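# Curious how this folds, go ahead:
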Amino acid sequence: MFDDNLIERFELASERIKEIKTAGGACSDGRFSDYFCKMSEFIISMTELFGKVKNNEFEDYTFNQLSEFNKSLYEDILEKNYDKSYANPVYAVKVMGLEYGRMLSFLYVELRGMIAYAYELRIAEMTVLMELFVEIYCSFESETPDSTSLRDIIYWYVSDYSDDFVEYRVREQIDTSLSFATDIIMNENLDDIRYLYKFGEYITDNEIMTATYLNSLPDEKISAMAHTFTEGYRKGFELTGKDISRKKTVNIRYCLGFERLVREEIKQFEEIGLKTTIYRAAVNTINKRMHIKIGYYGTSPNKQMEYDHRFDNGIYLDAAFIERKLGALKFAYEKNKEKASVFGGPAVMEVFGEEPFEPENRTECMTLDDKQRALSVKYDRESSEIVNNYIKGEERSFTIIAYPIPEIGNDYEKIFDETVKINTLDYDVYCKIQKNIIDALDKADYVEVKGMNGNKTDICVNLMKKTNAEKQTVFENCLADVNIPLGEVFTSPVLAKTNGVINVSEVYLNDLKFKNLSVTLKDGMVADYTCDNFADEEKNREFFKENVLYNHETLPIGEFAIGTNTTAYVMANKYDIVYKLPILIVEKMGPHFALGDTCYSRAEDIKVYNPDGKEIISKENEISSLRKTQPEKAYFNCHTDITIPYEEIGSITAVEIDGKRTDIIRNGRFVLEGCEELNRPFEK
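Below you'll find the predicted structure:
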């Protein structure tokens, strides 16, 4: 099963680490002994975990035994223990100094990836990490290395192994033979909740209660929920004129606990000719993207820890590494190009209901300097180009849906049922209502949006002009296909003459809370921004730049939309969960503005039609139109929606070229004729 040479390396590293543990982590400088002792203890526990998984020892564990064992794996980094954990840069720096503390804290977080590798029996990755630890320890054993030497060891680790880590990551998305999670979902007895502990993720009441609740539902309800998801994916191809029959794989991304539903989705995807890949959110620094998780995962044991380490790549990020990683990515896709060509795209199941996370910015954490930020932007841009060459945007699609988790509160089951109803609202009813809105907007030269109740939004959104009013439209009638639930009309604004301020009292963007966020646009580009998260204005600006601009100096407005799902809005307020909802639902609950690429990014030349047969012509802007002449400047590889709730909207007005004004919304309610139905949930 394992290569003999690899086993020998694994055993040699294991023995050396046991010696380090026996010596109490002794080294030339006593400041580091406790660190090396505790790290060696952790690694030894990982080799023991590997043996337990390999020998199927957990099969005889009771639920309580599995629960206790799972907690023991994560105990050190839980919030209650984080102040004294070396995973905490603040503590590591306090004990070992700024440079050493940052790098050795990074090392511990990297070593914690061994939990996943042990459960997946990935002995190669475990061995590499063990050898890295031994090399770093040896550099401290007789004398303390200078920080540059320590940084070099880390640098060559990420550089030398980037080829292996990147290729495996590419394969996880497109190669169905890497089926660790799929095998658990399809082969385990899902009525026996012990199966959750086979994934190697942190398991809480969220996962346990979700799985238990789904197990209580009748087969027909599970089937219907899965059908909403898989049919939405299929429609995504159909409505954009893409041939799904040419695709053979789909990637499901979800949160643990939903396995009964995912199993049914896998079966339904197979009925339309698609096999499923499912991969874990990245656990190694080479494949991580800040604190954002892409793949499957359990409840986070500590979001502050993940946030603290979001820029750990600042230790090694330079131009040479970027070129090495880009080369590795291209090589991986070229090697697997046949599988990539038949990959259809992701099918994503989000969750909501966790207590909102408000991060604490800490000076002890790694950060990127200006040069590294530019390199990060360069990698995002060029890697996206590489991926698009093998998984072409004009040939792929996606779908996305969201469900609550038990942490949302005592009304979990009621909220879950209402979410299912929201996800299946009447397609035909909304199609007609939204057509009325689009017909009014299609006459406009620009749209004016103004806030109320303290909201300072005041912006004019310039619209693309039609050449044939009978056959063309500027807004898409967004129904329940790729983007579930239904309930919005949207467009790609013309950047020139799109000017003004977007303001919202409170909004969650990329899982982070922003207070009193204001963004100023000039000719469609971000010209200024601020929020009230921190007393220090510079920290507010840095927070926005890192987590919304993704270190770009500016971004264009990529989308303007009017959300129409007032049913979702009323449900959210009824249960007081607006602040816990994902942007997927929130964006349907009021007007929103997206910063970044348009909704048609890399698929602008595909003809798309609304249900009334009109072609949607506003699929690009002045930036994305550069794709044909300066492709390196056309895309930013991000798209962040900023939604303003109805109670903060004074008016949304379509303004025609002759000055005629038609209100769509006034004082938070729809006033356009033909939209009366949208106000009924408010009345109820």
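
# got any ranges where the stretch 1-150 of the chain has weak pLDDT?
By pLDDT under 70, the low-scoring segments of the stretch 1-150 of the chain are 1.

# residue contacts, residue 401?
By C-beta atoms under 8 Å, 6 or more residues apart in numbering, the residues touching residue 401 are 228-229, 232, 348-350, 423, 484-485, 584. No exception for glycine: its C-beta is placed from N, CA and C like everyone else's.

# same thing but at 10 Å, please
Residue 401 makes contact with 225, 228-229, 232-233, 254, 347-350, 419, 423, 480, 482-485, 582, 584-585, according to C-beta atoms under 10 Å, 6 or more residues apart in numbering.

# Among the residues you listed, which lie within strands?
Mapping the contacts of residue 401 onto strands (DSSP state E) picks out 347-350.

# coming back round to it: out of the contacts of residue 401, list just those in helices.
Using DSSP state H, the subset of the contacts of residue 401 located in helices is 225, 228-229, 232-233, 419, 423, 584-585.

# Looking at the residues you listed, state which has the most neighbours.
Neighbour tally across the ones in helices among the contacts of residue 401 (other C-beta atoms under 10 Å): the maximum, 30 neighbours, falls on residue 233.

# Flag the shaky bits of this structure, pLDDT-wise.
1, 480.

# thinking again about what came up before, between the ones in helices among the contacts of residue 401, which is closest to residue 409?
Comparing the ones in helices among the contacts of residue 401 against residue 409 with C-beta to C-beta places residue 419 closest, at 13.5 Å.

# thinking the closest one is in contact with residue 404, fair?
Yes - at 5.9 Å, residue 419 and residue 404 qualify as touching, with contact defined as C-beta atoms under 10 Å.

# list residues touching both of these two?
Counting by C-beta under 10 Å, 6+ apart, the residues touching both residue 419 and residue 404 are 352, 581.

# Parallel or antiparallel, list what pairs with the longest strand along the chain.
Criterion DSSP E: the longest strand present in the chain is strand 494-509. When pairing is defined by DSSP bridges, strand 494-509 lines up against strand 458-462 (antiparallel), strand 512-522 (antiparallel).

# following the first one, which helix or strand shows up next?
Meaning strand 458-462. Next along the chain after strand 458-462, taking DSSP states H and E as the criterion, comes strand 472-473.

# how about the strands in the stretch 551-684 of the chain?
Counting by DSSP state E, counting those that start in this stretch, one finds strands in the stretch 551-684 of the chain at the ranges 557-563, 591-596, 615-616, 639-643, 649-655, 661-666, 669-670.

# and the first one, how far from the chain's centre?
A distance of 20 Å separates the C-alpha centroid of strand 557-563 from that of its chain, computed with C-alpha atoms, centre = their mean, to the nearest Å.

# CA atoms of it as PDB?
Extracted C-alpha coordinates of strand 557-563, given in PDB (Å, rounded to 0.1, in the frame of the first residue of the first chain):
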ATOM      1  CA  ILE A 557     -18.500  47.700  -9.500                       C
ATOM      2  CA  GLY A 558     -19.300  44.400 -11.100                       C
ATOM      3  CA  GLU A 559     -23.000  44.100 -10.400                       C
ATOM      4  CA  PHE A 560     -26.000  46.200  -9.400                       C
ATOM      5  CA  ALA A 561     -29.100  44.200  -8.400                       C
ATOM      6  CA  ILE A 562     -32.500  44.500  -6.700                       C
ATOM      7  CA  GLY A 563     -33.400  41.700  -4.400                       C
END
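
# what angle separates it from strand 458-462?
Calculated by axes from the mean of the first three to the mean of the last three C-alpha atoms, to 10 degrees, strand 557-563 forms an angle of 110 degrees with strand 458-462.

# tell me which residues in strand 557-563 are buried?
Across strand 557-563, burial judged by 16 or more other C-beta atoms under 10 Å covers 557-563.

# Pick the one among those closest to residue 681.
Checking these against residue 681 with C-beta to C-beta, the nearest one is residue 563 at 12.9 Å.

# Just give the nearest non-adjacent residue to residue 43, would you?
residue 17 (5.1 Å; C-beta to C-beta, 6 or more residues apart in numbering).

# Before I go, just wanted to say thanks for your time.
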